[in-house]
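J.: Predicted model, plus sequence, below.
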Amino acid sequence: MAELVSLADGIATLVGDGDTVALEGFTHLIPMAAGHEIIRQGRRDLTLVRMTPDLVYDQLIGAGCARKLVFSWGGNPGVGSLHRLRDAVEHDWPRPLELEEHSHAGMANRYVAGASGLPFAVLRGYRGTDLAKHTATIAPVTCPFTGEVLTAVPALRPDVAVIHAQRADARGNVQLWGITGVQKEAVLAARRSLVTVEEVVDRLDPRPGATVLPGWVVTAVAVVPGGARPSYAQGYYDRDNGYYRDWDSISRDRASFTAWLGEL
Amino acid sequence: MAELVSLADGIATLVGDGDTVALEGFTHLIPMAAGHEIIRQGRRDLTLVRMTPDLVYDQLIGAGCARKLVFSWGGNPGVGSLHRLRDAVEHDWPRPLELEEHSHAGMANRYVAGASGLPFAVLRGYRGTDLAKHTATIAPVTCPFTGEVLTAVPALRPDVAVIHAQRADARGNVQLWGITGVQKEAVLAARRSLVTVEEVVDRLDPRPGATVLPGWVVTAVAVVPGGARPSYAQGYYDRDNGYYRDWDSISRDRASFTAWLGEL
Amino acid sequence: MRWTADEMMTVAAARALVGRTSCFVGIGLPSTAANLAKRTACPDLALIYESGTIGARPTRLPLSIGDGELAETADAVVSVPEVFNYWLQPGRVDVGFLSAAQLDRYARINTTLIGPDYRHPKVRLPGAGGAPEIAASCREVILVVRQNPRTFVDRVDFVTSVAAGAWVITDLGELAPDPDTGELVLTRLHPGVCVPDARAATGWDLRVAATVARTEPPTGTELSALRELLAAS
Amino acid sequence: MRWTADEMMTVAAARALVGRTSCFVGIGLPSTAANLAKRTACPDLALIYESGTIGARPTRLPLSIGDGELAETADAVVSVPEVFNYWLQPGRVDVGFLSAAQLDRYARINTTLIGPDYRHPKVRLPGAGGAPEIAASCREVILVVRQNPRTFVDRVDFVTSVAAGAWVITDLGELAPDPDTGELVLTRLHPGVCVPDARAATGWDLRVAATVARTEPPTGTELSALRELLAAS
């Protein structure tokens, strides 16, 4: 059964310096508040894993928490660049950032392999691209029946996965709906997991399209209303598109970002 | 967009002699009426694919429609043997039946590979068993990253998949809920598909746990109320456990089975 | 209350689930025992069926592993590929609960056929189903099997699943693997059963532990719960 | 009505979807065009976004590929692994609709970086996202890209995706692959654009088809639908 914790305790207990950490949520239900708590607690040398780094990783990278980024698309969706990510890659500020770069299909399958207890996944991917030249975790694999050569990618097994969901019950069963992304796979692939939720309810009424993670596969649940803002939580609040646009100017130079960080 | 057809026309158009045919439905939503129509139309030399052959394949095999069975568990759930399947394997009656035998995990992954457009799937399976001695479609595959040897199984790509679902809309979008088994995978893996449904409705209201197959991936839809009996259609009718028990005696000897067949 | 050997077996198997979080349930004897456990000592036990129902709470015993009530009462219903790939395969399930048509002293299980010829067996059995991967992937495997020489054989006709390291609960007692050799050893007898009974019911030269424990008889609560469960089905 | 070059491009791209059943939609220019198509000539077109929304019918233009309205209006919402594995990879989607930061004459796309050094690029771009597999797996690929020498380059700094065989729709006209060599050839110009304009906007020596078609101007209906769509966002 998942333990009900405060966000601060959950991060303190579950996320350690040097850990491989996956904060997932595909545009929807991004665990922003958990990311902020990681920054506040001053974690260092993290390997950050996430398909779409988004603002939350721009912030973690700018704050110097990360040693390495494993990802497939690092932009501000509908707006432009992630300036802190760019500054780290282009100018090693505030510290150098190692990249392990995949496509979405590759990252998604790496989580699937992790969730499935397999060492690798197979896909038709990356053909003709320069990605394999720079990414060691892309390799050919041959079909034993047809001889066709496909692409293999190794399983992702984060030390800890952090996701945000709409709600949980007192036994730690977690329910999320709307765009569900790779959150189930991330939690099932990880050794430990923390789920922040909008609320804890007595009973999880069945919802169309809902994914349920039983409490016995979740390590801890923390109630954090608004924990996905400025991303959104379907049924609770909308995406704050204005904040995504504002982040472009906040993050564009080091001074304004540092000021933002000081107020976090 | 899926075409709306009668059951007879759907089977006549989509299922040909010698085809590889998958009728799927895991205990729930078994396309029994479609199986009966295949028998009535006298199809021959079919390769029948199905995880759990159940009564519908006992009937098809007893009626002499099948040349080969690809499966993972061939019993009468909760009752005992499938006597027609046994008679075909043990005594070649009414004709010899070739077996291609897997585990559930292997069959499920073969459908996943088919649905995914991959030639094979990887699993931890069959270890230490005698299955690989008799089944050619089980082979070792080595992880290119860890060197670990796992099991590969080839994709299933049936000529036609037949499933039963609760309902469709006029555009041929299909909705099924409750235990969803491998039906989505079977339809997506197959070259053609026929979906029998309890009813066609104006609008598919979202349902908890429902799987939706958009009309553009389904070849044809036929309205066949009760088309899963004696299995069940959640929300429409219950499983007729009595009939499963009765089938034991109907199917136990050739004479009573032949009499049943004459009345189909 | 008096009880039958089958009732004792089911009660013993249900007790074996105490302290476990999750159980992957095969159909038949294992399902009865797992459902009994959930009604007695293990109300929070997550029952997982290969039909994709996770955390099912059936009010009556399911006839098949895909009964509608399993879906209606489950915490989550997932596809069959998902239940095998995400839930069973990674080893996140505590106990696999299986039965067998034949079983040898190393807990090799046959549910495929009887006879020497795969192409034309004397008796064709249902086959593997989920068992090979349940036996290989759960952290612990418990077999629930009636003990008799037709089932407990010197050599299985076909190795369908390998449950090496499994623990076996029968209508006579319990067998556990020798930690060194893996051979199943008689470690416990149910009330009223003696070692010669167990030997006579075993098709190999059954080893007996230095100390053979004696099972506590079924309590009234256990028996009532079991009979209620069966009566409702 | 007067129109801009961007509007002409979007209208031309929307028209290119006529007769197609399904379109895997990248964000930005492709999303605008696909949503315009759905409001004009292709109301039944199934829009598929990599967030897992299949058959979405957004009332306004989504800012991201994961907007809530996509999920609320979709025929089905599936996981991200499923959308790539079951829907994109098998080649069941008619058209992949993509954009690019850089593009060469063989429709090799760069969305990864500008500059010669992968470790320390001059400009770090977002990266691959879904594009490598969208470009490789859809039956047909259409690129919607503004044509200028910074984008239409002789050599891309990084091959992120290979859209060999793709057709390119720009703010100036359209390019199609030579069937023999695969080289992109100018085949169509939008109203008011001449061949020298297109050559000047291309960083390689642009080949021009023997006959260059002329795009029909946007109709009032197309323009109104597009402006309504953008105004609502």
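T.: Received, thanks.

J.: Which pLDDT value goes with the residue lying closest to C:Val185 once chain neighbours are set aside?
T.: Distances taken as C-beta to C-beta, 6 or more residues apart in numbering or on different chains place C:Arg207 nearest to C:Val185, at 4.6 Å, with adjacent residues excluded. The way it works is simple: take the backbone N, C-alpha and C, and place the C-beta from them, glycine included. Note for C:Arg207: predicted pLDDT of 98.

J.: residues in contact with A:Val174?
T.: Contact analysis of A:Val174 by C-beta atoms under 8 Å, 6 or more residues apart in numbering or on different chains lists A:Ala2, A:Ala165, A:Arg167, A:Ala168, A:Val195, A:Val197, A:Val212, A:Leu213, A:Gly215, A:Val218, A:Val221.

J.: That one and A:Val15, how far apart?
T.: If you measure A:Val174 against A:Val15 using C-beta to C-beta, to the nearest Å, the figure is 18 Å.

J.: Spit out the contact partners of the closest residue to C:Asp75 other than its chain neighbours.
T.: The spatial neighbour of C:Asp75 that comes closest, neighbours along the chain excluded (C-beta to C-beta, 6+ apart), is C:Gly55 at 3.2 Å. Applying C-beta under 8 Å, 6+ apart, we find C:Gly55 in contact with A:Asn173, A:Pro214, C:Ala46, C:Leu47, C:Ile48, C:Ala74, C:Asp75, C:Ala76.

J.: Which positions in chain C make contact with chain D?
T.: The interface of chain C toward chain D, taken as C-beta under 8 Å from any C-beta of the partner chain, is empty, with no residues included.

J.: Around the closest residue to chain B within chain C, count how many other residues there are.
T.: When distances are taken as C-beta to the nearest C-beta, chain C reaches nearest to chain B at C:Gly66, 2.4 Å away. Applying other C-beta atoms under 10 Å in any protein chain shown, we find 30 other residues in the vicinity of C:Gly66.

J.: you'd agree it is up against C:Ser51?
T.: Yes. At 3.9 Å, C:Gly66 and C:Ser51 qualify as touching, with contact defined as C-beta atoms under 8 Å.

J.: Between the two, which contacts overlap?
T.: Shared contacts of C:Gly66 and C:Ser51, defined by C-beta under 8 Å, 6+ apart, are found at B:Phe26, B:Thr27, B:His28, B:Ile179, B:Gly181.

J.: farthest pair in those residues?
T.: Greatest spatial distance among these (C-beta to C-beta): B:Thr27 and B:Gly181, at 7.8 Å.

J.: Quick check: neighbours shared by those two?
T.: In terms of C-beta under 8 Å, 6+ apart, B:Thr27 and B:Gly181 are both contacted by the residues C:Ser51, C:Gly66.

J.: Export the contacts of C:Gly55 as JSON lines, with columns for secondary structure.
T.: Written out in JSON lines, the entries for the contacts of C:Gly55 read as follows (DSSP: H, G, I helix; E, B strand; the rest coil):
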{"residue": "A:Asn173", "secondary structure": "coil"}
{"residue": "A:Pro214", "secondary structure": "coil"}
{"residue": "C:Ala46", "secondary structure": "strand"}
{"residue": "C:Leu47", "secondary structure": "strand"}
{"residue": "C:Ile48", "secondary structure": "strand"}
{"residue": "C:Ala74", "secondary structure": "coil"}
{"residue": "C:Asp75", "secondary structure": "coil"}
{"residue": "C:Ala76", "secondary structure": "strand"}
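
J.: quick one: which of those is nearest to chain D?
T.: The shortest separation between chain D and any of those is 13.6 Å, and it belongs to C:Ala76 (by C-beta to the nearest C-beta).

J.: Just to check, the closest one is in contact with C:Ile54?
T.: Yes. The pair formed by C:Ala76 and C:Ile54 meets the contact definition of C-beta under 8 Å, at 4.6 Å.

J.: Mind listing the shared neighbours of the two?
T.: The contact lists of C:Ala76 and C:Ile54 share A:Pro214, where a contact means C-beta under 8 Å, 6+ apart.

J.: For stretch C:173-189, buried residues please.
T.: Neighbour-count burial for stretch C:173-189 flags C:Gly173, C:Glu174, C:Leu175, C:Pro177, C:Leu184, C:Val185, C:Leu186, C:Thr187, C:Arg188, C:Leu189 (criterion: 16 or more other C-beta atoms under 10 Å in any protein chain shown).

J.: and it, how far apart are its ends?
T.: The distance separating the two terminal residues of stretch C:173-189, taken as C-alpha to C-alpha, to the nearest Å, comes to 4 Å.

J.: try stretch C:153-164
T.: End-to-end distance of stretch C:153-164 (C-alpha to C-alpha): 16 Å.

J.: Off-centre distance for it?
T.: 15 Å (C-alpha atoms, centre = their mean, to the nearest Å).

J.: does chain B sit close to it?
T.: Yes. Contact of stretch C:153-164 with chain B (C-beta under 8 Å from any C-beta) involves C:Phe158, C:Val159, C:Thr160, C:Ser161, C:Val162, C:Ala164.

J.: for the fourth one, what are its contacts?
T.: Spelled out, that is C:Ser161. Residues touching C:Ser161, when contacts are defined by C-beta under 8 Å, 6+ apart, comprise B:Thr129, C:Leu98, C:Ala100, C:Arg108, C:Ile109, C:Thr111, C:Ala128, C:Ala131, C:Pro132, C:Ile134, C:Ala135, C:Ala136.

J.: How about the residue of chain A found nearest chain D: what's its closest non-neighbour residue?
T.: When C-beta to the nearest C-beta is the measure, chain A has its nearest residue to chain D at A:Thr27, with 2.4 Å between them. Taking C-beta to C-beta, 6+ apart as the measure, A:Thr27 lies nearest to D:Gly66, with 2.4 Å between them; neighbours along the chain are not counted.

J.: From chain C, how far out is the one you found?
T.: With distances defined as C-beta to the nearest C-beta, to the nearest Å, the gap from D:Gly66 to chain C amounts to 22 Å.

J.: could you say which helix or strand contains that residue?
T.: Following DSSP states H and E, there is no helix or strand that holds D:Gly66.

J.: same check, this time on A:Asp248
T.: Per DSSP H and E: A:Asp248 is located in helix A:241-252.

J.: Write out the residues of chain C neighbouring chain A.
T.: That would be C:21-22, C:44, C:46, C:54-55, C:75-76, C:85-86, C:89-92, C:137, which are the residues of chain C within reach of chain A (C-beta under 8 Å from any C-beta).

J.: returning to that earlier point: mind checking which of the contacts of A:Val174 are in strands?
T.: In this view, the contacts of A:Val174 that belong to strands under DSSP state E are A:Ala165, A:Arg167, A:Ala168, A:Val195, A:Val197, A:Val212, A:Leu213, A:Val221.

J.: which one of those is nearest D:Leu229?
T.: Ranked by distance to D:Leu229 (C-beta to C-beta), the ones in strands among the contacts of A:Val174 are led by A:Ala165 at 32.2 Å.

J.: now, the most widely separated pair of the buried residues of stretch C:173-189?
T.: Using C-beta to C-beta, those span at most 17.5 Å, a distance reached by C:Pro177 and C:Leu189.

J.: number of nearby residues for A:Thr146?
T.: A:Thr146: 12 surrounding residues under other C-beta under 10 Å.

J.: and it, what is it in contact with?
T.: Residues in contact with A:Thr146 (C-beta under 8 Å, 6+ apart) are B:Pro119, B:Phe120, B:Pro154.

J.: Share the number of residues neighbouring the second one, please.
T.: What that stands for is B:Phe120. There are 24 residues near B:Phe120, going by other C-beta under 10 Å.

J.: Measure how far the helix or strand bottoming out on mean pLDDT in chain C is from the centre of its chain, please.
T.: Of all the helices and strands that make up chain C, helix C:68-73 has the lowest average by mean pLDDT, DSSP states H and E, namely a mean of 90. Computed by C-alpha atoms, centre = their mean, the separation of helix C:68-73 from the middle of its chain amounts to 22 Å.
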